[in-house]
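Asker: What follows is a protein structure lacking sequence information:
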């Protein structure tokens, strides 16, 4: 198998993430501010928690807020809110020493026409990236999409090497009845930069441990690790220690 530990992160959505990152020399994906009001309410408490978690960890990325945020919203005031929240997230990310940020697409089936959503998203992300430094990385994550083409089109047309895709394998298992996460990875490969790893029963987004669900994740990791050699991975399971043990048992970690 392939050792991915040098490009592996643990989401701080798991209570034991920081301890595991230090124990195995892994990175951390800061998730405390994926809920936007943590940037406002009791910010000092959350900020102190993050600073404690990242102490002694060399590789960091940041999950931006996502609740009710849509860069292609029909109401322009909602777009303004998204701009404000992503600006806050970027400032926090840089303050913690991270160089990469994950954002959700905001797409909702039925609600949005795909042509509208694609065009508005391209314009939004071009504007967002216009003043960002060359070392910044932005990953666009699938959530409610039922196929990968929409996100591929957005990233391709934005045409910025800093802007790539985050394949969330657990979300695919719930939303995509006709295609597996490996099918998605093959389609996304030219634009793929990051992968969220977690498992579920195919019905509820439980963020279960990697070996705890209906999906066989090992072939996905093997294929991406070989085909997209600069792609990084985050274990985004609530039980990250069992997920790390699973990765070791499968030969993906020493």
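Answerer: Yes, it's here. Here the structure is a predicted model, which is why all the values come from computation and not from measurement.
Asker: how about the strands in the stretch 151-254 of the chain?
Answerer: Using DSSP state E, counting those that start in this stretch, the strands assigned to the stretch 151-254 of the chain run over residues 163-168, 192-197, 232-235.
Asker: Just send the ones you listed back as CSV, with distance to residue 129, mean pLDDT and mean neighbour count too.
Answerer: (Glycine included, C-beta is placed from N, CA and C.) As requested, these are arranged in CSV below (distance: least, Cβ to Cβ, whole Å; pLDDT from 0 to 100; neighbours: other Cβ atoms under 10 Å):
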stretch, distance to residue 129, mean pLDDT, mean neighbour count
strand 163-168, 6, 98, 26
strand 192-197, 14, 98, 26
strand 232-235, 19, 98, 26
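Asker: Switch the ones you listed over to JSON lines; also include distance to residue 17.
Answerer: Supplementary listing: those in JSON lines, determined by distance: least, Cβ to Cβ, whole Å:
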{"stretch": "strand 163-168", "distance to residue 17": "17"}
{"stretch": "strand 192-197", "distance to residue 17": "13"}
{"stretch": "strand 232-235", "distance to residue 17": "8"}
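Asker: Centre-most residue in this structure?
Answerer: residue 102 (4.6 Å; Cα atoms, centre = their mean).
Asker: looking at the strands of the stretch 151-254 of the chain, which is closest to residue 242?
Answerer: For the strands of the stretch 151-254 of the chain, distance to residue 242 was read as Cβ to Cβ. The smallest value, 9.9 Å, belongs to strand 232-235.
Asker: What residues sit buried inside stretch 183-192?
Answerer: For stretch 183-192, burial by neighbour count (16 or more other Cβ atoms under 10 Å) applies to 184-185, 187-189, 191-192.
Asker: got it, and stretch 33-41?
Answerer: Under 16+ other Cβ under 10 Å, the buried positions of stretch 33-41 are 33-34, 36, 38-39.
Asker: Can you show me the helices along the stretch 1-150 of the chain?
Answerer: Using DSSP state H, counting those that start in this stretch, the helices of the stretch 1-150 of the chain run over 17-24, 43-54, 76-96, 114-129, 149-158.
Asker: and residue 171, which of those is closest to it?
Answerer: In terms of Cβ to Cβ, the element of these nearest to residue 171 is helix 149-158, at 11.4 Å.
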